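Visitor: here are the coordinates; sequence isn't available:
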């Protein structure tokens, strides 16, 4: 009879051996060869990468990560930066509460922890913006604590490995328990990253490369020929559509009128053009929501942007306006507009009214 503890140890051992040969090279990672040579992960870089990677792909995160660590090489430097600069650097990465929490967390670590991240997941969870997953990932990867790390890739690997039938998200509890049973006392950080790499490169959502997988022999989903049936997903409700109007006021010199969204709520703290609330039906009198009277002309094609939980359709209006902005608005001149903290949906809106306005111009000179 197979010893279950031995079987679990074998999974971890086989996976780590695979990782030692095939680990991805990532700008925030200290790979197995470097660690064997005595290099240690930088908790700041681990934390920064994990926050950025929430709901975002590795390919999208790489250039943002590299710009952040170039601009703010330490948590103290990030804490000392004005929040507006952090929001501008984050623009386009999405889920903007992460940027606000990132800055708040850096300030707490710098002021209350002498610039050092706590080592335990429990202590990490007391910091702004750090939940169960991020705390476990930092504790494991930065400090080799044997915490169970479960991201989307790991969920898929574990669900297939054990053929977990419970639909998501209810199945997360069983997946976490299985991952905890597999996580080794030693090399917990490498094990977590190995699971992530396996899910990203081998155990992919579609057409997984089972022939190359180091865990294929013990995979229950593979044995049943049902790899792509796991994780089992609950039926999704249809994504609703919301509607609104956006008003792009352009000054005669090309400056665009902007304001800041409230800190709380979707896209909190980011910059935007004035607009109406987003509602379940198109506004009957959209011009009633204009920030002031002007010769507003509708752009021919609405802007459509898809968020996680809803689809947004905005009618864009444009007007040439001169004059001083109100206290809550400012004029962003053409050379500054690409650096404003505009989320992707607002970049689409401005581009619909003023094509090319949010693109950085190639001048051959380094921007000041």
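Guide: Yes, it's here. Note that the structure is predicted; figures quoted are calculated from it, not measured.
Visitor: Run through who's touching the one helix or strand in the chain whose mean pLDDT sits lowest.
Guide: Lowest on mean pLDDT, DSSP states H and E among the helices and strands of the chain sits helix 4-22, with a mean of 88. Outside helix 4-22, the residues within contact range by CB atoms under 8 Å, 6 or more residues apart in numbering are 32-33, 161, 181-184, 187, 190-191, 193-195, 197-198, 201, 214-215, 218. Backbone N, C-alpha and C define where each C-beta goes, glycine included.
Visitor: Tell me the buried residues within those residues.
Guide: Using 16 or more other CB atoms under 10 Å as the burial test, the contacts of helix 4-22 include 32, 161, 182-184, 187, 190-191, 193-195, 197-198, 214-215, 218 as buried.
Visitor: Quick check: which element contains residue 65?
Guide: Residue 65 is located in helix 58-71, with elements delineated by DSSP states H and E.
Visitor: Then residue 259?
Guide: Short version, using DSSP H and E: residue 259 is in strand 256-260.
Visitor: so how many other residues sit close to residue 174?
Guide: Look at residue 174: counted by other CB atoms under 10 Å, it has 15 neighbours.
Visitor: Give me the pLDDT for it.
Guide: We have a pLDDT of 97 for residue 174.
Visitor: Residue 335 now?
Guide: 95.
Visitor: tell me the SS of it?
Guide: Using DSSP: H, G, I helix; E, B strand; the rest coil, the structure places residue 335 in coil.
Visitor: and it, what are its phi and psi?
Guide: phi -70, psi -20 (degrees, to the nearest 10).
Visitor: got it, and the one 10 residues further on?
Guide: For residue 345, the backbone dihedrals (degrees, to the nearest 10) come out as phi -60, psi -40.
Visitor: can you check the one 3 residues further on too?
Guide: Here the main-chain torsion angles of residue 348 (degrees, to the nearest 10) amount to phi -60, psi -40.
Visitor: For it, give me its contacts.
Guide: By CB under 8 Å, 6+ apart, the contact list for residue 348 reads 303, 305.
Visitor: And for the one 5 residues further on?
Guide: Taking CB under 8 Å, 6+ apart as the definition of contact, the neighbours of residue 353 are 248, 250, 299, 316, 317, 318.
Visitor: Likewise for residue 78?
Guide: Taking CB under 8 Å, 6+ apart as the test, what residue 78 contacts is 68, 72, 86, 102, 103, 106.
Visitor: Let me see the ranges of the helices in the stretch 201-350 of the chain.
Guide: For the stretch 201-350 of the chain, the helices defined by DSSP state H, counting those that start in this stretch occupy 220-224, 344-353.
Visitor: just to revisit the earlier point, and which of the buried ones among the contacts of helix 4-22 is nearest residue 152?
Guide: residue 195 (11.1 Å; CB to CB).
Visitor: In helices, which of the contacts of helix 4-22 appear?
Guide: Those of those mapping onto helices are 32-33, 161, 181-182, 190-191, 193-195, 197-198, 201, per DSSP state H.
Visitor: Specify which member of the residues you listed is nearest to residue 234.
Guide: Nearest to residue 234 among these: residue 161, at 20.5 Å, using CB to CB.
Visitor: Report how many residues lie close to the closest residue to that closest one other than its chain neighbours.
Guide: Spatial nearest neighbour of residue 161, excluding adjacent residues (CB to CB, 6 or more residues apart in numbering): residue 219 at 5.2 Å. Neighbour count of residue 219, defined by other CB under 10 Å: 21.
Visitor: I'd say residue 219 and residue 208 touch.
Guide: No: contact criterion CB atoms under 8 Å: residue 219 and residue 208 do not qualify, at 9.5 Å.
Visitor: For residue 55, give me the pLDDT.
Guide: In this model, residue 55 is scored at 87, pLDDT.
Visitor: you'd agree it is up against residue 94?
Guide: Yes: counting by CB under 8 Å, residue 55 does reach residue 94; the two are 7.0 Å apart.
Visitor: who's more crowded, these two?
Guide: Between residue 55 and residue 94, residue 94 has the larger neighbour count (other CB under 10 Å), namely 18 against 11.
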